[in-house]
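>>> just need the structure, nothing else, for what follows:
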Amino acid sequence: MNEITVNGVALPTPSKMTPSDFDLSVMNRNSKGFMVGQIIRENVHKLECTWNRIKREDYMTIRNAIAPKTNLNVNYFIPEEDAKGNIICYVGDRTTPVYAIWDGVPVYERFSVNFIEM
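Numbering: from 1, shown residues only. Alright, predicted model coming up:
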């Protein structure tokens with residue numbers, strides 16, 4: 001079973017996956033110092049993935065899968081649902097440090113990408 005798929009493409013198993021969820025809100029203090037506001041949307045998911053050391057082929061599998069950058073169907077284990085599930089995401093920041101170049105082929109270290117629910 002793959003840990004994560006993007007638009008049906010199985011990604012290499014990340015070294016680290018950090019799922020999180022957050023609420024979008026507008027909050028302010030009134031003239032008496034009390035907090036007032038509203039929650040606009042609850043349980044927005046974010047998945048941070050890191051691959052400690054990754055070969056070029058695996059790197060390209062990931063980069064090709066995330067190339068559309070928006071409307072990505074991401075399937076992974078969602079902790080608060082205690083099951084695998086799908087979310088529609090866009091791709092956040094990506095980092096691609098080169099660890100070494102062996103025989104003209106790069107090896108990447110700590111490549112990371114964030115999937116953020118739309």
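>>> now F34: phi and psi?
Per-residue torsions, F34: phi -90, psi 140 (degrees, to the nearest 10).
>>> ok, it - how many residues close by?
8 (other CB atoms under 10 Å). The way it works is simple: take the backbone N, C-alpha and C, and place the C-beta from them, glycine included.
>>> against I40, how distant is it?
Noted for F34: a distance of 20 Å to I40, by CB to CB, to the nearest Å.
>>> I figured I54 hits R110, correct?
No. The pair I54 / R110 is not scored as a contact, 9.0 Å apart, by CB atoms under 8 Å.
>>> who has more neighbours, these two?
Neighbours around I54 and R110, counted as other CB under 10 Å, are more numerous at I54. The numbers are 23 against 15.
>>> now do the contacts for the more buried one.
I54 sits next to P12, I62, V107, Y108, E109, F111 when contact means CB atoms under 8 Å, 6 or more residues apart in numbering.
>>> brilliant, that's me finished.
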